[in-house]
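Trainee: No letters, just coordinates:
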């Protein structure tokens, strides 16, 4: 699995970023560029609700639910525990990257920036832009607000935004979760 060693964001000294992590040349995430490693670190920090630098099964479960990925705590535990080096299923950053890649593979997202596809980090960042109230869903009003602010004609009429959402709203709740948003963003006429 040695695909090349690239720098990863870590908590060691030697530079800093908005999250307080520096670049560390002695750690690596195989196959990820600096920008992808930075995105993974931002996602990790987002999932880490209490900011202790460790992800619990509860934090991961809450985050997945916000993304519209329904998974029982028992199933999640079966996935997380083998990745964890601790008995309580706590994940550190490097272990989280393995989990992230596995989940992305399960839902059909590419984690390879070089293939020209949207990376999961890019899609997550875009989802957060649209999800103004941070409830884990995009409403037609939120979609309209963003499209209007971008100057797109579709943003002038709420009805257009409702139609756009209906086209990809698999559970018919009138909202887009992350999985539905991904389908919308990857859709080609």
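Mentor: Yes, it's here. Just so we're clear, the structure is a prediction, and the values are computed from it rather than from any experiment.

Trainee: Do me a favour and average the pLDDT over the strand or helix carrying residue 41.
Mentor: According to DSSP states H and E, residue 41 maps onto helix 34-47. Mean per-residue pLDDT for helix 34-47: 83.

Trainee: so where's the protein uncertain?
Mentor: Under the criterion pLDDT under 70, the flagged ranges of the chain are 1-32, 67-70, 103-120, 150-151, 188-189.

Trainee: Tell me which stretches of the chain form helices.
Mentor: 34-47, 57-66, 73-80, 93-107, 120-130, 140-149, 158-168, 178-186 (DSSP state H).

Trainee: Among these, which comes closest to residue 86?
Mentor: helix 93-107 (9.5 Å; Cβ to Cβ). For glycine as for every other residue, the C-beta is placed from the backbone atoms N, C-alpha and C.

Trainee: just to revisit the earlier point, for the helices of the chain, give me TSV that also has mean neighbour count.
Mentor: Formatted as TSV, the helices of the chain follow (neighbours: other Cβ atoms under 10 Å):
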stretch	mean neighbour count
helix 34-47	19
helix 57-66	17
helix 73-80	14
helix 93-107	17
helix 120-130	17
helix 140-149	18
helix 158-168	16
helix 178-186	19
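
Trainee: hang on, the earlier thing: what is the helix holding residue 41 packed up against?
Mentor: Here helix 34-47 touches strand 8-10, helix 57-66, helix 93-107, helix 120-130, going by 3 or more Cβ pairs under 8 Å, 6 or more residues apart in numbering; DSSP states H and E.

Trainee: Now tabulate these in a markdown table and tack on distance to residue 34.
Mentor: Shown next, in a markdown table, are the helices and strands packed on helix 34-47 (distance: least, Cβ to Cβ, whole Å):
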| stretch | distance to residue 34 |
| --- | --- |
| strand 8-10 | 8 |
| helix 57-66 | 24 |
| helix 93-107 | 14 |
| helix 120-130 | 12 |
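
Trainee: Since that was my last question, I'll sign off now.
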